[in-house]
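> need a 3D model of the following:
(one chain, ligands or ions: 2)
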Amino acid sequence: MTSVPEIRIADDVSIPQLGFGVYQVPPETTEAAVTMALEVGYRHVDTAQMYGNEQGVGDALRASGLSRDEVFVTSKLNNSFHRRDDALREAEKSVERLGGPMDLFLVHWPLPTIDVDYLETWKAMIEIRDAGLTRAIGVSNFQVPHLDRIIAETGVKPAVNQIEVHPYLTNETVRAYNAEQGIATEAWSPIAQGAVLDDPAITAIAERLGRTTAQVTLRWHLQRNDIVFPKSVTRSRVEENFQLFDFELTDADIQAITALNKDERTGPDPDTFDYVPA
Ligand SMILES: NC(=O)C1=CN([C@@H]2O[C@H](COP(=O)(O)OP(=O)(O)OC[C@H]3O[C@@H](n4cnc5c(N)ncnc54)[C@H](OP(=O)(O)O)[C@@H]3O)[C@@H](O)[C@H]2O)C=CC1
Ligand SMILES: O=C(O)C(=O)[C@@H](O)[C@H](O)C(=O)CO
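Ligands and ions are numbered 1, 2, ... in the order given. Down below sits the predicted model:
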């Protein structure tokens with residue numbers, strides 16, 4: 001079985017650096033998709049209340065025969081639940097759907113333009129952790145000023161900051177701040193939902209190494225010490241995305257891929273994103 005490196009993100013909490021993302025996996029097929037990923041060897045699943053598929057993740061874990069502590073599970077607080085009482089209640093519901101305490105629970109978006117202050121939400125996350133509903137807490141899509149503020153006001157650093165990172169959006173400012181603060185960076189949409197896979201520079205490296213462009217891109221993330229969880233519902237790709245530990249990129253390869261940055265987002269901008277589900 002492939003051994004996936006782990007990154008320590010909090011006292012007594014380590015996360016496998018490679019996981020399986022389930023954004024846009026329909027609720028009715030999530031159990032099958034996660035079961036497939038567990039069969040391939042993934043031991044880290046990234047879901048969210050917003051995805052509507054935590055139940056399917058929990059069902060796959062229960063059916064797997066694996067003990068709960070063998071699989072690292074992350075979920076995220078939905079944008080509608082930023083008020084303290086809502087956050088605590090909804091974290092309990094996530095725990096029920098997932099079948100036990102989470103390993104990592106994130107504030108999904110800072111929503112800086114919404115009337116609930118994300119500082120209230122971060123304080124609620126600390127309570128959620130202290131109540132034992134999750135082993136570690138973190139944030140997602142937080143920019144440097146958001147991070148600065150929650151750390152200054154509470155003295156509690158997020159274990160991770162999950163942000164959009166891929167060769168066309170290297171997000172260096174936030175990554176550097178995360179590193180300086182000892183916050184692990186998780187790179188969402190690591191292959192830009194496929195947008196980087198035909199890039200000529202990545203293709204040239206892939207051809208030289210006899211790998212696919214998805215594997216080269218994911219390996220680039222790993223060698224930059226970021227945590228990734230590519231999503232696929234296609235078994236051959238789920239397998240391909242797991243075969244990353246028997247080759248290496250050179251420093252020159254890493255620099256060439258990093259140089260592809262064009263600050264191009266595939267998803268929303270955290271400074272303006274204000275979607276709150278009804
Ligand atoms: N915190 C946040 O705000 C966000 C978090 N995320 C997290 O990050 C995870 C990954 O990001 P996501 O947006 O899903 O995008 P990814 O960058 O993982 O790309 C997923 C897409 O690429 C395809 N794909 C996957 N592997 C391959 C491959 N080897 N070759 C060719 N195509 C491939 C998939 O197709 P198919 O499934 O058809 O095989 C799917 O269309 C999410 O699932 C979620 O967990 C994502 C967005 C925002
Ligand atoms: O996938 C996620 O985690 C997201 O937050 C995205 O779905 C994001 O909300 C989006 O892309 C909305 O269009």
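> looking at the stretch 151-278 of the chain, which residue is nearest ligand 2?
Using CB to the nearest ligand atom, G267 is the residue of the stretch 151-278 of the chain that sits closest to ligand 2, at 4.4 Å. The way it works is simple: take the backbone N, C-alpha and C, and place the C-beta from them, glycine included.
> is that residue in a helix, a strand, or coil?
Put simply, G267 is coil when judged by DSSP: H, G, I helix; E, B strand; the rest coil.
> show me what contacts whichever residue of the stretch 101-250 of the chain sits closest to ligand 2?
Nearest residue of the stretch 101-250 of the chain to ligand 2: H108, at 5.9 Å (CB to the nearest ligand atom). H108 makes contact with A48, Q49, M50, K76, L77, N78, N79, S140, N141, according to CB atoms under 8 Å, 6 or more residues apart in numbering.
> now it: closest residue in space that isn't a chain neighbour?
K76 (3.9 Å; CB to CB, 6 or more residues apart in numbering).
> give me the three-state assignment for the one you found.
K76 ends up strand, using three-state DSSP.
> now do the contacts for L77.
With CB under 8 Å, 6+ apart, L77 has these contacts: Q49, A87, E90, A91, F105, L106, V107, H108, T121, M125.
> report the beta-bridge partner residues of the nearest residue to the residue of the stretch 151-278 of the chain closest to ligand 2 once chain neighbours are set aside.
Excluding its sequence neighbours, the residue lying closest to G267 (CB to CB, 6+ apart) is E164, at 5.4 Å. When assigned by DSSP bridges, E164 has beta-bridge partners W188.
> what of the one 5 residues further on?
With DSSP bridges as the criterion, L169 is bridged to H166.
> you'd agree E31 is in a helix?
Yes: when three-state DSSP is applied, E31 is found to be in a helix.
> now do it, the pLDDT please.
pLDDT, E31: 98.
> that one contacts E54, doesn't it?
No: with contact defined as CB atoms under 8 Å, E31 does not reach E54; the gap is 11.1 Å.
> correct me, but the residue nearest to H108 touches A48?
Yes: K76 lies in contact with A48 (CB under 8 Å); the separation is 3.8 Å.
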